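Engineer: Predicted model and sequence follow; I will ask about them next.
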Amino acid sequence: MSSKLNEMPEKNCNEYLKDEAVVLKAIGHFVRLKLLLAIEMKRCMVKGLVDCVEEEQPIVSQQLAVLRKGKIIEGIKKGNTIYYKIIDPTVKQIVGILAEKYNKS
């Protein structure tokens, strides 16, 4: 990894790392991480996520908004129901690793 960083112009490397730090900060929040795991392990509508992560609906909605704003998840509307999926490939990979680890416990 360090050879790739050394090959990048410093400004581009710093911009890239700042963007990644924002994403890591967003997924590092306890409730958002629970939501991402729930979304990755099964497609859930908001009501299902509330039950799954055992948080109040306003908290879940607020944290989903943060993840949507960060372009980490997107909602897919089917009828009156919105289902969420992870759209950031790096986050999907990280959450997949955590879900695998969680399933082994």
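Structural biologist: Alright, I've got the coordinates.
Engineer: ranges for the helices of this protein?
Structural biologist: 2-7, 10-27, 30-41, 46-53, 57-69, 89-104 (DSSP state H).
Engineer: how about low-confidence regions in the protein?
Structural biologist: For the chain, the stretches with pLDDT under 70 are 1-11, 43, 105.
Engineer: wouldn't residue 61 be in contact with residue 46 here?
Structural biologist: Yes: between residue 61 and residue 46 there is a contact under Cβ atoms under 8 Å: 6.9 Å. C-beta: built from backbone N, CA, C; applies to glycine.
Engineer: Mutual contacts of these two, please.
Structural biologist: Contact criterion Cβ atoms under 8 Å, 6 or more residues apart in numbering; residues shared by residue 61 and residue 46: none found.
Engineer: if we can go back for a sec, to residue 80, which of the helices of the chain lies closest?
Structural biologist: helix 46-53 (11.1 Å; Cβ to Cβ).
Engineer: who touches that closest one?
Structural biologist: 31, 34-35, 38-39, 42, 44, 56-57, 60-61, 64, 82, 84.
Engineer: out of those residues, who has the most neighbours?
Structural biologist: residue 35 (29 neighbours; other Cβ atoms under 10 Å).
Engineer: follow-up on the earlier one: for residue 75, state which of the contacts of helix 46-53 is nearest.
Structural biologist: Distance to residue 75 across these (Cβ to Cβ) is lowest for residue 82, with 4.2 Å.
Engineer: I'd like the distance between the closest one and residue 90.
Structural biologist: Distance, residue 82 to residue 90, by Cβ to Cβ, to the nearest Å: 23 Å.
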